[in-house]
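Participant: attaching a predicted model along with its sequence, questions to come.
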Amino acid sequence: MVRCYILSTLLYASETWTLSKETENKIEAFEMWLYRKMLKVSYKDRMSNEEVLNRVSEERKLLSELKNRKMQYMGHILRSNGLQKQLLEGKVGSKRKRGRPRNTWLADIRNWTGKSLHDLARTAEDRTKWRTMASRASKGQGTI
């Protein structure tokens, strides 16, 4: 029920999100909140997250599912020749603002895989290699 109704609604269009550490923490906190509500466990009961996960016989997988979806979408974009690929590869000429640059959609994928856009595009041509890389990146295991 949770996977069907709640997580599918939450993950709608999540392929387009830019993830920061704060966002990742909020996603993991939401997942734990959801399991606690299912079990009717209050925070006052002082039950650890591991114990809650054992009771529902689950692992934390919401964040890895989100990363996997984002990697699949990236492969889809890199294999096509549409406007999205042109926007991804193009640069907008403007003066950079002061301060630390914001995290970009592509920077997330580069951090997860450790590869450049050119290497990602070459890997995306072979679907089996791309799927392997996407699953490893979503689990935090790095490159192939």
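Facilitator: Alright, I've got the coordinates.

Participant: burial measure for the residue nearest to Val41 when sequence neighbours are not counted, as a count.
Facilitator: Using Cβ to Cβ, 6 or more residues apart in numbering and skipping the chain neighbours, the partner closest in space to Val41 is Met47 (5.4 Å). Yep, even glycine has a C-beta here, placed from its N, CA and C like the rest. Counted with other Cβ atoms under 10 Å, the neighbours of Met47 add up to 14.

Participant: Three-state assignment for Met47, please.
Facilitator: coil (DSSP: H, G, I helix; E, B strand; the rest coil).

Participant: and the helix or strand of the chain at the bottom of the mean pLDDT ranking, how far out from the chain's middle?
Facilitator: Least confident helix or strand of the chain, by mean pLDDT, DSSP states H and E, is helix 83-89 with a mean of 79. Distance of helix 83-89 from its chain centroid, counting by Cα atoms, centre = their mean, to the nearest Å, is 20 Å.

Participant: next SSE after that helix?
Facilitator: Next in sequence after helix 83-89, counting helices and strands by DSSP states H and E, comes helix 105-113.

Participant: list of residues touching that following helix?
Facilitator: Contacts of helix 105-113 with the rest of the structure, by Cβ atoms under 8 Å, 6 or more residues apart in numbering, involve 16-19, 67, 70-71, 74, 88, 116-117, 120, 133, 137-138, 140, 142-143.

Participant: what residues go with each domain of the chain?
Facilitator: Taking automatic domain parsing as the reference, the chain has its domains at 2-60, 63-87+104-138.

Participant: show me the contacts for Thr104.
Facilitator: Thr18.

Participant: where do the helices sit along the chain?
Facilitator: Assigned by DSSP state H, the helices in the chain fall at 8-10, 21-39, 49-56, 62-79, 83-89, 105-113, 117-124, 127-138.

Participant: so of those helices, which one's packed in deepest?
Facilitator: helix 62-79 (a mean of 19; mean count of other Cβ atoms under 10 Å).
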